[in-house]
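Asker: the sequence and its predicted three-dimensional model are supplied below.
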Amino acid sequence: MGGVLEGYHVPVLLHETLRVMDLRPGLTVVDATFGFGGHGLEIAKKVYPGVVIGFEKDPEVYRIVSESLPPTANVRLLNLGYERMDEGLLKVGVVGVDRVLFDLGISSFSLEGTGRGFTFKREEVLDLRFNPKEGEPAYVFLNEADEGEIERVLRVFGEERKSRRMAREIVRARPIETTSQLAGIVDRMYPPKLRRRAKARVWQALRIHVNKELINLRKGLALSLKHLRIGGILVAISYHSLEDRMLKSLKHYGFVKPLFKKPITPSPEEVARNPRSRSAKLRAYVKTGEVDASELMEDEGFAHPFPRRVM
Ligand SMILES: C[S@@+](CC[C@H](N)C(=O)[O-])C[C@H]1O[C@@H](n2cnc3c(N)ncnc32)[C@H](O)[C@@H]1O
């Protein structure tokens, strides 16, 4: 079952994830970000005859993966975002989940193979949506939003220090359509040594904005905690501080208990083998009490400490 999809993405913290998830035959597991099944297919082997319900928002990733899965696999793959977990679980008739995994961030395939502008290293249309049927592409936002809104997105979601000047330069350079146009603006504002990181921040900000990533993550986490059985385990791998802050804030609630204090990070060997793993942080919680998902979604302590209008 594994193997077929191996060229598309290298799973991050795989052994650590499997260990922390404490898997055994018969469990029902949600892989909220199935991608190419780097984690999900290994989990499926360990829980057989239990099942893995995989959520994958990107229709192209979903198509490639579902075409290569044997019909007998104990994986039910859904082309849905994890923010629609209620709908997905209802569709596959699952009530009660034993483990949930979120592997946030982006796969190597999305970066290099979709042509939607996820990489600033090639000339592509600046779209940045995981599902091109939802929301608006990043270039539409950059061309239509007012300068203040662009500035807020760059500052809040990219933690970009030069957000004001950058927003002004963007508005001045309109219309913007491609990765190289935006990369050119960022490059002109930074010396060569700082350019790559600056572009990474700007791309992160726009990706979070167009995909509503933080709102969706809040929903996805709240819903998965609702569906998790008491004693069930939630594992999440995040790749930047905004996601990690949200995951960390869960420890303040009485209905979960962190399995360990400090997040697990990749070994130097893993980072050398797979540089994309370098910013990964794995946190895990065990569910100890019932969760009201709508209440959690609205809770200010779990909500991101940012003004609602930019989320
Ligand atoms: C880092 S990759 C997961 C890789 C996977 N664990 C593996 O090893 O093959 C994250 C995946 O989540 C998907 N994704 C992004 N936002 C999502 C959402 N809201 N719901 C479900 N999937 C999402 C992306 O398309 C991407 O395939």
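Answerer: Looks like it came in fine.

Asker: beta partners for the residue of the stretch 101-250 of the chain found nearest the ligand?
Answerer: Distances between the stretch 101-250 of the chain and the ligand by CB to the nearest ligand atom are smallest at Asp103, namely 3.6 Å. No exception for glycine: its C-beta is placed from N, CA and C like everyone else's. Beta-bridge partners recorded for Asp103 (DSSP bridges): Ile237.

Asker: residue numbers of the protein in contact with the ligand?
Answerer: The chain has residues 9, 11, 32-33, 35-39, 55-58, 61, 81-83, 103, 105-107, 110, 130, 216 near the ligand, with proximity defined as CB under 6 Å from any ligand atom.

Asker: dump the lowest-mean-pLDDT helix or strand in the chain to CSV, keeping only the CA atoms.
Answerer: Every helix and strand in the chain was compared by mean pLDDT, DSSP states H and E; the lowest is helix 108-113, with a mean of 84. Only the C-alpha atoms of helix 108-113 are listed here, as CSV (Å, rounded to 0.1, in the frame of the first residue of the first chain):
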residue,chain,number,x,y,z
SER,A,108,6.4,19.1,-1.6
PHE,A,109,3.9,18.4,-4.3
SER,A,110,1.9,21.6,-3.5
LEU,A,111,5.1,23.6,-3.5
GLU,A,112,6.4,22.3,-6.7
GLY,A,113,3.7,20.6,-8.7
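
Asker: about what we covered before: OK, contacts around the residue of the stretch 101-250 of the chain closest to the ligand?
Answerer: 11-12, 17, 31, 33, 35, 38-39, 236-237 (CB atoms under 8 Å, 6 or more residues apart in numbering).

Asker: give me the below-cutoff pLDDT ranges for the chain.
Answerer: When residues are selected by pLDDT under 70, those of the chain lie in 1-4, 303-311.

Asker: how about a cut-off of 90?
Answerer: Low-confidence segments of the chain, defined by pLDDT under 90: 1-9, 70-73, 105-114, 298-311.

Asker: so which residues of it form strands?
Answerer: With DSSP state E as the criterion, the chain has strands at 28-31, 51-55, 75-78, 97-103, 228-238, 256-258, 281-287.

Asker: how about a markdown table for these, with distance to Arg168 added?
Answerer: Converted to a markdown table, the strands of the chain look like this (distance: least, CB to CB, whole Å):
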| stretch | distance to Arg168 |
| --- | --- |
| strand 28-31 | 42 |
| strand 51-55 | 39 |
| strand 75-78 | 42 |
| strand 97-103 | 36 |
| strand 228-238 | 31 |
| strand 256-258 | 43 |
| strand 281-287 | 34 |
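
Asker: as a check, name the ranges of all helices in the stretch 1-150 of the chain.
Answerer: With helices called from DSSP state H, counting those that start in this stretch, the stretch 1-150 of the chain shows them at 14-21, 40-47, 59-68, 85-91, 108-113, 138-144, 147-158.

Asker: ok, residues contacting the longest one?
Answerer: Outside helix 147-158, the residues that touch it by CB under 8 Å, 6+ apart are 141-142, 145, 160, 163-164, 166-168, 170-171, 201-202, 204-206, 208-209, 214, 242, 306-307, 310.

Asker: mind saving the C-alpha coords of it as CSV?
Answerer: Provided in CSV are the C-alpha atoms of helix 147-158 (Å, rounded to 0.1, in the frame of the first residue of the first chain):
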residue,chain,number,x,y,z
GLU,A,147,-3.6,49.2,1.3
GLY,A,148,-4.5,49.0,5.0
GLU,A,149,-5.9,45.5,4.6
ILE,A,150,-2.8,44.2,2.7
GLU,A,151,-0.6,45.8,5.4
ARG,A,152,-2.6,44.0,8.2
VAL,A,153,-2.3,40.6,6.4
LEU,A,154,1.4,41.0,6.0
ARG,A,155,2.0,42.1,9.5
VAL,A,156,-0.4,39.7,11.3
PHE,A,157,0.0,36.6,9.3
GLY,A,158,3.6,37.1,8.1
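
Asker: now do the buried residues in it.
Answerer: Buried residues in helix 147-158, counted by 16 or more other CB atoms under 10 Å: 150-158.

Asker: what of stretch 67-82?
Answerer: Quick answer for stretch 67-82 (16+ other CB under 10 Å): 69, 73-82.

Asker: which one of those residues is nearest to Gly50?
Answerer: Of all the buried residues of stretch 67-82, Gly50 sits closest to Asn74, with 6.9 Å by CB to CB.

Asker: that older thread, specify which member of the buried residues of stretch 67-82 is nearest to Pro275.
Answerer: For the buried residues of stretch 67-82, the nearest to Pro275 is Tyr82 (26.2 Å; CB to CB).
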